[in-house]
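[1] the following comprises the amino acid sequence and a computationally predicted model.
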Amino acid sequence: MPDQESTRRTVVIGNWKMHKTGAEGVALATEIVARLRPGRAEVAVAPPFTALAPVADAIRGSSVALAAQDVFHEREGAFTGAVSAPMLAAAGCSIVLVGHSERRHVFGDGDEDIGRKALAVLDAGMRPVVCVGETLEQRDAGGAENVVRSQVGAVVAGLSETQRTRLTVAYEPVWAIGTGRTATPDTAEAMHRVIRSSLATIAGPGTAERTPILYGGSVKGDNAGAILAGANVDGLLVGGASLRADSFLTICHAAG
Ligand code: 13P
């Protein structure tokens, strides 16, 4: 039997959130491409929509992949302000975040929306990264595990066996995002185990073992290695520290 960890990809994604114009994004992406050492981790950047096309040009021919931060589930139509999965694929994206906590809490995305978005991403030939995580209130009330189990279940139950092979999950505790308060490596590993066990319950052991589970929430160069040491931590989703090449590259290189 192969080593279970080695069968999963390692992924590091820089989520730029609402930062960087096209020109600023090109400058950052160009520096990342120039200085990224080849390794086992797949590295992606997720610029805002307006920077996708210029950043796609800047990373063309490199190992760095392009990700989008969100999507609307319809293919096209009268949906002012929205961007569809086929549009993102045409812009060069291979990965799309769905259900990021800022989408859930600032923009009101619910589990049903997130499930539809994941399906749209898969239909367009890309890979969804389904983000889950509890608030501090939910954690303090002892509900963290149930929250992530239900968030994972709401999306994964609606996917076919084939679609599940292209799934990535990101655990991002809301209390750790942008706060400087990182989950300890033990807490992250414990929650990743919960997510993997809920994947096994919903989708079977094959999906559970194959699905990369990334950690996000105040990841920095000096804590990335310790978090990645968890057997069920397969990569990182980085916010603030992905906005500078130095700090992002330190994290990418910590991932191997
Ligand atoms: P920070 O790394 O800034 O805490 O953001 C985490 C995040 O939300 C990544 O998607």
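    Structure's in. What do you need? The structure displayed is predicted, hence computed values, not measured ones. Residues are numbered from 1 along each chain as shown.
[2] which helix in this protein runs the most residues?
    Looking across the chain with DSSP state H, the single longest helix is helix 185-203.
[3] so which elements touch that one?
    helix 144-156, strand 168-171, helix 205-210, strand 213-216, helix 224-228 (3 or more Cβ pairs under 8 Å, 6 or more residues apart in numbering; DSSP states H and E). Every C-beta, even on glycine, is put in place using the N, C-alpha and C of the backbone.
[4] from the chain's centroid, how far away is the second one?
    The chain centre lies 6 Å from the centre of strand 168-171; the measure is Cα atoms, centre = their mean, to the nearest Å.
[5] partner strands of that strand and their direction?
    strand 127-132 (parallel), strand 213-216 (parallel) (DSSP bridges).
[6] so can I have a markdown table of the ones you listed showing mean neighbour count?
    Output for the strands paired with strand 168-171, formatted as a markdown table (neighbours: other Cβ atoms under 10 Å):
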| stretch | mean neighbour count |
| --- | --- |
| strand 127-132 | 26 |
| strand 213-216 | 27 |
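[7] which one of the ones you listed lies closest to the ligand?
    strand 213-216 (4.1 Å; Cβ to the nearest ligand atom).
[8] ok, and what's touching that closest one?
    11-13, 15, 129, 131, 133, 168-172, 176-177, 183, 188, 192, 195-196, 227, 230, 232-239 (Cβ atoms under 8 Å, 6 or more residues apart in numbering).
[9] just say which of the helices and strands packed on helix 185-203 is most tucked in.
    For the helices and strands packed on helix 185-203, the largest average neighbour count (mean count of other Cβ atoms under 10 Å) is found in strand 213-216, namely a mean of 27.
[10] the residue of the stretch 101-250 of the chain found nearest the ligand: neighbour count?
    Closest to the ligand within the stretch 101-250 of the chain is G239: 2.2 Å, counting by Cβ to the nearest ligand atom. Counted by other Cβ atoms under 10 Å, the residues lying close to G239 total 22.
[11] tell me the contacts of it?
    Applying Cβ under 8 Å, 6+ apart, the residues contacting G239 are 15, 17, 177-178, 216, 218-219.
[12] show the buried residues in the residues you listed.
    The neighbour count (16 or more other Cβ atoms under 10 Å) marks 15, 17, 177, 216, 218-219 as buried among the contacts of G239.
[13] so can I have JSON lines of these showing pLDDT, secondary structure and distance to the ligand?
    Output for the buried ones among the contacts of G239, formatted as JSON lines (pLDDT from 0 to 100; DSSP: H, G, I helix; E, B strand; the rest coil; distance: Cβ to the nearest ligand atom, whole Å):
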{"residue": "N15", "pLDDT": "98", "secondary structure": "strand", "distance to the ligand": "4"}
{"residue": "K17", "pLDDT": "98", "secondary structure": "coil", "distance to the ligand": "7"}
{"residue": "I177", "pLDDT": "87", "secondary structure": "coil", "distance to the ligand": "4"}
{"residue": "G216", "pLDDT": "97", "secondary structure": "strand", "distance to the ligand": "4"}
{"residue": "S218", "pLDDT": "94", "secondary structure": "coil", "distance to the ligand": "4"}
{"residue": "V219", "pLDDT": "96", "secondary structure": "coil", "distance to the ligand": "5"}
